[in-house]
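Q: Prediction below, plus the sequence it came from.
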Amino acid sequence: MSQYNDDDNLNQNKATDITNNDESFEILDISATSSIDDTLLDTFYHRDTLLPVMMATLDYIDKQINSDLVLPYFADIDVELWQEKAKSLDIYITDETEGRELNLEARGKDYATNILSYPSELPAAIIELMPTLALGELIICHDVIVHEAAEQEKTVAQHISHLLIHGVLHLLGFDHELGQAEQDEMEQFEIEVLAGLNLPNPYL
C-alpha cells in the first residue's frame, strides 16, 4: 500500500491534517495501491473533495443523535463525548485485482465490490482515553466504481460521494443487509446527506 499525500497539506501542517479545532476530522488518511497513479487520486480522491462529504455525513449524524439516534457500534460511548471528539478515518483506494482478493478474504465473495468497511471496533474504555475517535477504514475499488457509475448513468464523482456516505454509515454500525427497515433507514440517511451537498437521490 502506497501512501498518498497532498504536498500543500503536508507543508501547512505535518502533525495534523486539519488545523481548525472545531473541525470534525482530525485525521483523514488517504492511501492507494501502487497501480493507482497520482493523477487519478488528484482527480477523484483529493482531500479537498472527500473531506466535505465526510464532514457533511458526521454533521448529519450529530443532528440525528440529538434526536435520539443510537449509533450501533458506539452505543456504549457517552453521546457528548462522541460528538466532541475529533474523528479519524483511513481511506484506501485499490484496483479490481486487489479488490477481489480483499472481498474474498473479508466476506467470502469472489469478486471485487465497490467499497469495504472495516470498523475500528475499539472498546468504549479505550476510545475515552484516545485523543481522536477512530472510525475505521474504507477500502474503495476504483475500477468497480467507474463501471457502476457508467451503468447507473451518473458521474464517477457522484458515485464516490454516495459510497463514502454509505461506507461511513457502515462504520457506525448501520447495515442494510439486516432487513428492509434497516435498508430504508440507511438509504434515507444517504439521500438526506447527499441533498445537503446538492447531489441527487442515487436511488431514483
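A: Alright, I've got the coordinates.
Q: could you measure R100 against L41, distance?
A: The spacing between R100 and L41, counted by CB to CB, to the nearest Å, is 21 Å. To be clear about C-beta, it is placed using only N, CA and C from the backbone, and glycine gets the same treatment.
Q: same question, S161
A: Counting by CB to CB, the gap from S161 to L41 is 16 Å.
Q: N66 too?
A: Using CB to CB, one obtains 35 Å as the distance from N66 to L41.
Q: Show me which of the two is the more surrounded one.
A: L41 (20 against 10; other CB atoms under 10 Å).
Q: so where does that one fall, helix or strand?
A: Per DSSP states H and E: L41 is located in helix 38-44.
Q: quick one: that helix to chain centroid distance?
A: Offset of helix 38-44 from its chain centre (CA atoms, centre = their mean, to the nearest Å): 17 Å.
Q: Show me what that helix is packed against.
A: Helices and strands touching helix 38-44, by 3 or more CB pairs under 8 Å, 6 or more residues apart in numbering; DSSP states H and E, are helix 156-171.
Q: what's in contact with the helix it packs on?
A: Helix 156-171 is contacted by residues 44-45, 49-50, 53-54, 56-58, 73, 89, 91, 114-115, 117-120, 135-136, 138, 140, 145-146, 148-149, 152, 186, 189-190, 193-194, 197, 199-200, 202 when judged by CB atoms under 8 Å, 6 or more residues apart in numbering.
Q: Got a ChimeraX select line for the buried ones in those?
A: To isolate the buried subset of the contacts of helix 156-171 in ChimeraX, counting by 16 or more other CB atoms under 10 Å, use the following:
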select :44,45,50,53,54,56,57,58,73,89,91,114,115,117,118,119,120,135,136,138,140,145,146,148,149,186,189,190,193,194,197,199,202
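Q: Drop everything from the contacts of helix 156-171 that is not in helices and list the rest.
A: The helices, defined by DSSP state H, take in 44, 49-50, 53-54, 56-58, 145-146, 148-149, 186, 189-190, 193-194 from the contacts of helix 156-171.
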